[in-house]
Each structure stands twice: as C-alpha cells, then as structure tokens.
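K.L.:
No letters, just coordinates:
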C-alpha cells in the first residue's frame, strides 16, 4: 500500500481531533475522505503530509514513517490544500519553475512542459496567476502538486467554489491521475465521491465510522432493497407479501406499492413473475438507489 495509517490520534489541549483512526490507501485508486466540518479530516491529511505531528499512532507513506523519515515521506507526496496557496503576482511558468527548484526536479524544463500540457495550461502559461479564473488556479495547484511526480496525491476540497463546467474538468483530471497514483480526496460534495472515487472512508467526531468500496458502502449501511411497482389493475397487500423474499409492503397510492426485501435480494424479477401470474400489467417497476449522501447522513447525524 502507498499510505498506511495505524491507530492515529491527535489531541489539541482538551480536544481529541483524531481518535484511533486506521486505514490504508493503495496505488491505482481514488479514496474519498468524508466527514462533517470539524470531524478531523484536514488534521489527518496534514499529519500524512508531515505538516502536523501526531499525538499517537503511526503513519507510513510508501514504507517511510512520516515521523522517523520526514524528508523521504514528504518527497513522495503531492498536496493541494483547500485554500490553494499560490503566488498570484508570479506567472504560471515562473511559479512552476520556482516549485521545480524547491523539489530539485531533474530535467525541470521538460517536466514543466509536460505538466502544463497535461493540466490544460498551455494557453495560460505566460499569464499571471492572479489573472486566472479559479478553475485555472486549481489546475496550477494540481500542476505544482504533481510536478515532482509523487506516488501519493492528497487533495483537500479541489473543486470548492468552481462552476459546473470547471468541476467536470477537474473531476476528470482526478480520475485520470487515480489510474497511476494513490489519490486521497477530501470533499463536501458527496455526489463527487460517487463520480470519482473507488472507495470511501467516513470520519465523524475524530473516529472512523465507515471504510468500504462505494457500492458496498451503499448496500452495507442501508441493509434493504426497496422496489416501487405500479400496476394497471388492483391487487392486495396480502398477495404482494407472498412474493418471494418480500419482507414488507407499503401502499404509495392507487395501485402503486413499495416492496422491501433484504439488500442481498433483487426482487424485480419476482415482482414481474407475480404480475404475469395474476394477469396484471406493470406500468412501472424500479429499484430505489441509495446514495453516498444517504449513508453519510445515517452515520454522522
């Protein structure tokens, strides 16, 4: 694994911001890092990047302990904070040259040209950063985070404040980066997690409350499969309860019913068979889909 966090804790005076958190992040995946405001997400990311020391526990980046080998671990991390700290009076290429010098990037000119092209900055490379839109400033931030070719990329709210078109562009960049890097993505936009991430962890009041692939997460915490069916004719609750695996039935209106089963059973085929057997015409049949937002609310409310 690229990042391994073991029993991590961080205490600020009397506040336990991070409380016994453990997880791993692997190469080739985008890991969503979720939680309400003040849950401990940013603190955890700052510890991984070496910006903050932990109170207890252990963090390893590419096999290097961030406390014992801080320079080796930091060299393998690219970090884009929520508030992108750019020098707005510098030109794009000038800023990237400065960043390359800090990281002692070999063949810097070639690497800068690659990042400018990849991040879609070719037509803006001679502009001052302060003149750019927020979307392009985020691209510059991603370029500086990627410039030294890190194995791990940590992004804190990378699409915050962007317009819909810019969000789509940055999401695609993150998905592309996730194929070759380990990406940890913190965001408050829960739809973004479903669109971009392979796996998600949820932290609440400093504690880890969920860690699973996106689809598994949605099934694991809802625990139910819910189907809505509308028939052209009348049927009864008693008959519907006889359908295989159906646990409960609820009327939603004239000839419209909500059928509930366990999460492991998709009962749509059984409902169709029931309709045929009872000479009923199905006008509508669909499975209710739970979102990451549903799971998030359930675990953090």
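P.N.:
That came through, no problem. This structure is a prediction, so every number in the text was calculated from the model and none was measured. Numbers count the residues shown, from 1 in each chain.
K.L.:
ok, which stretches of the stretch 101-250 of the chain are helices?
P.N.:
Per DSSP state H, counting those that start in this stretch, the stretch 101-250 of the chain carries helices over the ranges 108-118, 134-146, 164-178, 190-196, 214-222, 237-240.
K.L.:
And the contacts of the longest one?
P.N.:
Counting contacts by CB atoms under 8 Å, 6 or more residues apart in numbering, the residues outside helix 164-178 that touch it are 28-30, 119-120, 133-135, 138-139, 142, 146, 153, 155, 158-159, 162, 183, 185, 189, 192, 195-196, 198. Yep, even glycine has a C-beta here, placed from its N, CA and C like the rest.
K.L.:
Enumerate the positions of that helix that are buried.
P.N.:
Under the neighbour-count criterion of 16 or more other CB atoms under 10 Å, helix 164-178 has 166-167, 169-171, 173-174, 177-178 buried.
K.L.:
I'd like a version of these in JSON lines, one that adds pLDDT as further columns.
P.N.:
Shown next, in JSON lines, are the buried residues of helix 164-178 (pLDDT from 0 to 100):
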{"residue": "166", "pLDDT": "79"}
{"residue": "167", "pLDDT": "83"}
{"residue": "169", "pLDDT": "83"}
{"residue": "170", "pLDDT": "83"}
{"residue": "171", "pLDDT": "88"}
{"residue": "173", "pLDDT": "85"}
{"residue": "174", "pLDDT": "88"}
{"residue": "177", "pLDDT": "86"}
{"residue": "178", "pLDDT": "87"}
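K.L.:
closest to residue 57 among the residues you listed?
P.N.:
residue 178 (26.0 Å; CB to CB).
K.L.:
buried subset of the contacts of helix 164-178?
P.N.:
For the contacts of helix 164-178, a neighbour count by 16+ other CB under 10 Å gives the buried set as 29-30, 119, 135, 138-139, 142, 146, 153, 155, 158-159, 162, 183, 185, 189, 192, 195-196, 198.
K.L.:
where exactly do the strands run in the chain?
P.N.:
3-12, 15-25, 30-34, 56-61, 64-65, 77-80, 152-156, 182-186, 199-204, 207-213, 224-231, 248-253, 256-262, 282-287 (DSSP state E).
K.L.:
Of those strands, which is nearest residue 49?
P.N.:
Among those, the nearest to residue 49 by CB to CB is strand 77-80 (4.8 Å).
K.L.:
partners of the closest one, with directions?
P.N.:
Take DSSP bridges as the rule and strand 77-80 pairs in its sheet with strand 152-156 (parallel).
K.L.:
for residue 150, what are its contacts?
P.N.:
Counted by CB under 8 Å, 6+ apart, residue 150 has contacts 75-78, 181.
K.L.:
same deal with residue 127?
P.N.:
Under the contact definition (CB under 8 Å, 6+ apart), the residues listed for residue 127 are 91-92.
K.L.:
Same check on residue 186?
P.N.:
Shown in contact with residue 186 (CB under 8 Å, 6+ apart): 32-34, 41-42, 45, 82, 155-157.
K.L.:
Same question for residue 86.
P.N.:
Contacts of residue 86 (CB under 8 Å, 6+ apart): 95, 129, 137, 140-141.
K.L.:
how close does it get to residue 273?
P.N.:
Relative to residue 273, residue 86 is positioned 61 Å away (CB to CB, to the nearest Å).
K.L.:
For the spatially most central residue of the chain, report the pLDDT, please.
P.N.:
Centroid check for the chain by CA atoms, centre = their mean gives residue 32 as the closest residue, at 2.5 Å. Residue 32 carries a pLDDT value of 93.
K.L.:
from memory it sits against residue 196, does it?
P.N.:
Yes - Residue 32 is within contact range of residue 196, at 7.4 Å (criterion: CB atoms under 8 Å).
K.L.:
coming back round to it: mean pLDDT lowest for which of the helices of the stretch 101-250 of the chain?
P.N.:
helix 214-222 (a mean of 71).
K.L.:
Could you tell me which residues make contact with residue 187?
P.N.:
Shown in contact with residue 187 (CB under 8 Å, 6+ apart): 32-34, 157-160, 193.
K.L.:
cool, and residue 202?
P.N.:
Residue 202 sits next to 34-35, 208-211, 295-296, 299-300 when contact means CB under 8 Å, 6+ apart.
K.L.:
Apart from its chain neighbours, what residue comes closest to it?
P.N.:
Nearest-residue entry for residue 202: residue 210, 4.1 Å, with adjacent residues in sequence omitted and distances by CB to CB, 6 or more residues apart in numbering.
K.L.:
Report the separation between the one you found and residue 2.
P.N.:
Per CB to CB, residue 210 is found 21 Å from residue 2.
K.L.:
Which of those two has more residues huddled nearby?
P.N.:
Taking other CB atoms under 10 Å, residue 210 and residue 2 do not tie; residue 2 has more neighbours (24 against 20).
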